[in-house]
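Visitor: predicted coordinates and the sequence they were generated for:
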Amino acid sequence: MTHGDVLVHESWGQRAVFATGAARALLAEEVERLGRSRVLVVVAEGERELAARVTEGLPVVATFTGVRQHVPMEVAEEARRLHRDSRADVVVTVGGGSTTGTGKAVALTEGAPLIAVPTTYAGSEATPVWGITDEGRKTTGVDASVLPKAVVYDAALTTSLPPGLTTSSALNALAHCVDSWWAPRANPLSSALAAEGARQLVDALPAVRQDGADLRARQAMLLGSYVAAVAFAGAGSGMHHKICHALGGAFALDHAAMHAVVLPHVAGYNLPASADARRRLSSVFPGSADPFDALLSFYASVEAPRSLAGLGLAEPDVERAAELAAEQIPSSNPRPAATRDVADILWSAWRGEPARLIPVAGPDLGEKEPGDTDDGH
């Protein structure tokens, strides 16, 4: 955040290792480095075989496979009980953001260190942000205890991702970048990281879509998603993430696809009020006359998901979702966002309409200093 001539940027200590084809060996090294001898593995049922290969040779005492999106409270409690019953002293997650989030729920209350092995581009592994859904509301928070002590990135573990999920997951990572430009703790450092992460993702995703076996491009995607998440960890949750948290918690929509659908609509709302975000987005699409048009063209080129209705959000729930989300919009957002504004965004996203720039009505609102109000949590 900035206050006059003072700039404060908080970073989080973590070891990240990138090496294609070496996940098993590197994971063993990280468990040994932490001096741990009883491993709880957290993995979704569909990736259990993959996790078994990656953790082969480790002292695994239990495996939790009850992962569900948005980490329902009952799932968190079940994983915590297994951790206690097995007397595990380290949690290893192998999978996407929901898997990492389940491991974080364990670390939050049980005090166990966490090691993450991502298989998507979710980025949760690089942030101290946790989220748990209870009775239709997703609660998030920041706690150093949930930040994985180490992350092992292996591009070979992402080759089984279907093309559609690859695209949605990458756009979820891109959302970390864009939202970081107007988040409550945004500052020049987090914004520069976000721009670099966005460039990596925008350059690499078309190559991965063209050739799913391109491990160099997949590794670039992992690097981009990591940098994006580091930027997000420093900047906090902006308008985009607050809307998606409300949607995910209340209506259990697919996490990555939901972020992909909502992002251009929020960008269309905030970009007219943020010259800095426009400059940052322009750097991601050099040579483009209009960065917002470039973003929409990129979306079209990667066949991004477009409709919340297509993800299962019922028409009667759109207004309720707007009410839930509007309560959470940070006051540091570049322009005010009332319930009606959020509803208009969600209706466009629900119908699958092309995102559009929403002009700022009345006098120029000017540029708010990022981070000059609450932290958004």
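Guide: Happy to help now that I have it.
Visitor: how many residues are close by V17?
Guide: When neighbours are defined as other Cβ atoms under 10 Å, V17 has 15 of them. All C-beta spots, glycine's among them, are computed from the backbone N, C-alpha and C.
Visitor: distance check, it against V129.
Guide: 21 Å (Cβ to Cβ, to the nearest Å).
Visitor: contact partners for the closest residue to A170 other than its chain neighbours?
Guide: By the measure of Cβ to Cβ, 6 or more residues apart in numbering, the closest residue to A170 outside its immediate chain neighbours is L205, 4.7 Å from it. Going by Cβ atoms under 8 Å, 6 or more residues apart in numbering, L205 touches T166, T167, A170, M221, V302.
Visitor: now swap in R356 and tell me
Guide: By Cβ under 8 Å, 6+ apart, R356 lies in contact with G268, S348.
Visitor: excluding sequence neighbours, find me the nearest residue to L201.
Guide: Using Cβ to Cβ, 6+ apart, the closest residue to L201 is G224 (4.0 Å).
Visitor: Provide a list of residues in contact with the one you found.
Guide: G224 sits next to Y121, A170, A173, G197, A198, R199, Q200, L201, A204 when contact means Cβ under 8 Å, 6+ apart.
Visitor: show me which pair in the contacts of L205 is furthest apart.
Guide: M221 and V302 (12.1 Å; Cβ to Cβ).
Visitor: could you check which of those two is surrounded by more residues?
Guide: The residue with more neighbours, out of M221 and V302, is M221; 27 against 18, by other Cβ under 10 Å.
Visitor: strands of the stretch 51-200 of the chain, residue ranges please.
Guide: Secondary structure of the stretch 51-200 of the chain (DSSP state E, counting those that start in this stretch): strands at 60-64, 90-95, 114-118, 129-134, 137-142, 150-153.
Visitor: in the third one, what's buried?
Guide: Within strand 114-118, the residues that qualify as buried are L114, I115, A116, V117, P118, counting by 16 or more other Cβ atoms under 10 Å.
Visitor: cool, and stretch 18-34?
Guide: By 16+ other Cβ under 10 Å, the buried positions in stretch 18-34 come out as T20, A23, R24, L26, L27, A28, E30, V31.
Visitor: need those residues in a markdown table (columns: secondary structure, pLDDT and distance to S11).
Guide: Formatted as a markdown table, the buried residues of stretch 18-34 follow (DSSP: H, G, I helix; E, B strand; the rest coil; pLDDT from 0 to 100; distance: Cβ to Cβ, whole Å):
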| residue | secondary structure | pLDDT | distance to S11 |
| --- | --- | --- | --- |
| T20 | coil | 96 | 26 |
| A23 | helix | 97 | 25 |
| R24 | helix | 97 | 29 |
| L26 | helix | 97 | 23 |
| L27 | helix | 98 | 24 |
| A28 | helix | 98 | 28 |
| E30 | helix | 97 | 20 |
| V31 | helix | 97 | 25 |
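Visitor: with respect to A217, which of the buried residues of strand 114-118 is nearest?
Guide: Closest to A217, out of all of the buried residues of strand 114-118 and judged by Cβ to Cβ, is P118, at 16.2 Å.
Visitor: wait, the closest one touches G95, no?
Guide: Yes - if you go by Cβ atoms under 8 Å, P118 and G95 touch, sitting 7.5 Å apart.
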